[in-house]
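Asker: just coords:
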């Protein structure tokens, strides 16, 4: 049985999960947008986001859990600096300090409730517990970013990361304001040009998936 990583402040995690029994998590554009709205509400206050992708039946996130003193429950005017998706409303205030894993559970529970109501279904939507992998090595941070952004290519949705709308790749190469930690991501690749060039290279998916135990 795979060990379940605890979620600790000031640590990087690759967080990922899929629909229960392989079911789709997203049936249309409105589902993707709603998940990202809830992500802004529940996760942005307690975690910094470095990369993400939403696939029809699974997702990947690369985050750093904030220290408690960094938790931010203020409400921004607009979400023009969201994590990369357009036209999101600002996240709402949350009350109380809950452990970080609880915020992720609240996200998945809130999304499941809305998805079930929208699509007239019942029961669990996500596999439990949600998967997470602690990352302590800079090389694996780079590998995780490329793995996440190239996921749509691997699954045949596009030929280039820019061809898939539900990931952070476009926000990384854009100059538009974003709450995604783009500056740090580009620094891991030295600069924007190298970030783009390295995303064109093949990555050892088997090695990464073995490490993640996907």
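Answerer: Perfect, I can see it now. Worth saying up front: this structure is predicted, and the values here are computed from it rather than measured.
Asker: Report the buried residues of stretch 129-143.
Answerer: By 16 or more other CB atoms under 10 Å, the buried positions in stretch 129-143 come out as 130, 131, 132, 133, 135, 140, 141, 142, 143. Using the backbone N, CA and C atoms, a C-beta is placed for each residue, glycine as well.
Asker: how close does the last one get to residue 133?
Answerer: Right, the one you point to is residue 143. 12 Å (CB to CB, to the nearest Å).
Asker: Low-confidence stretches in the chain?
Answerer: 1-3, 73-97, 204, 211-214 (pLDDT under 70).
Asker: in stretch 21-35, what's buried?
Answerer: In stretch 21-35, counting by 16+ other CB under 10 Å, buried: 23, 24, 25, 26, 31, 32, 33, 34, 35.
Asker: Just give the closest residue to residue 108, not the sequence neighbours.
Answerer: residue 126 (5.0 Å; CB to CB, 6 or more residues apart in numbering).
Asker: hang on, that neighbour packs against residue 22?
Answerer: No: with contact defined as CB atoms under 8 Å, residue 126 does not count as touching residue 22 (11.8 Å).
Asker: what sits against residue 151?
Answerer: Residues counted as contacts of residue 151 (CB atoms under 8 Å, 6 or more residues apart in numbering) are 53, 55, 60, 167.
Asker: Scan those residues and report the most crowded one.
Answerer: If you count neighbours using other CB atoms under 10 Å, the busiest of those is residue 167, which has 25 neighbours.
Asker: Can you pull up the most central residue in the protein?
Answerer: residue 61 (2.7 Å; CA atoms, centre = their mean).
Asker: and that residue, what element?
Answerer: strand 58-65 (DSSP states H and E).
Asker: For residue 191, see how far away residue 131 is.
Answerer: Residue 131 is 31 Å from residue 191, by CB to CB.
Asker: right, I mislabeled it, should have said residue 130
Answerer: 33 Å.
Asker: Could you pull out the helices in this structure for me?
Answerer: Assigned by DSSP state H, the chain shows helices spanning 29-42, 100-119, 138-154, 169-173, 182-188, 192-199, 205-212.
Asker: what's around residue 66, how many residues?
Answerer: Neighbours of residue 66 (other CB under 10 Å): 17.
Asker: Would you confirm that residue 66 contacts residue 10?
Answerer: Yes: assessed by CB under 8 Å, residue 66 is found in contact with residue 10 at 7.5 Å.
Asker: gap between the residue of the chain most remote from its centre and residue 27?
Answerer: Centroid-distance maximum for the chain: residue 120 at 26.1 Å, with CA atoms, centre = their mean. Look at residue 120 and residue 27: by CB to CB, they are 11 Å apart.
Asker: Name all residues that make contact with residue 138.
Answerer: residue 188.
Asker: ignore the last one, residue 18
Answerer: So residue 18 contacts 25, 57, 58, 59, 126, 127 (CB under 8 Å, 6+ apart).
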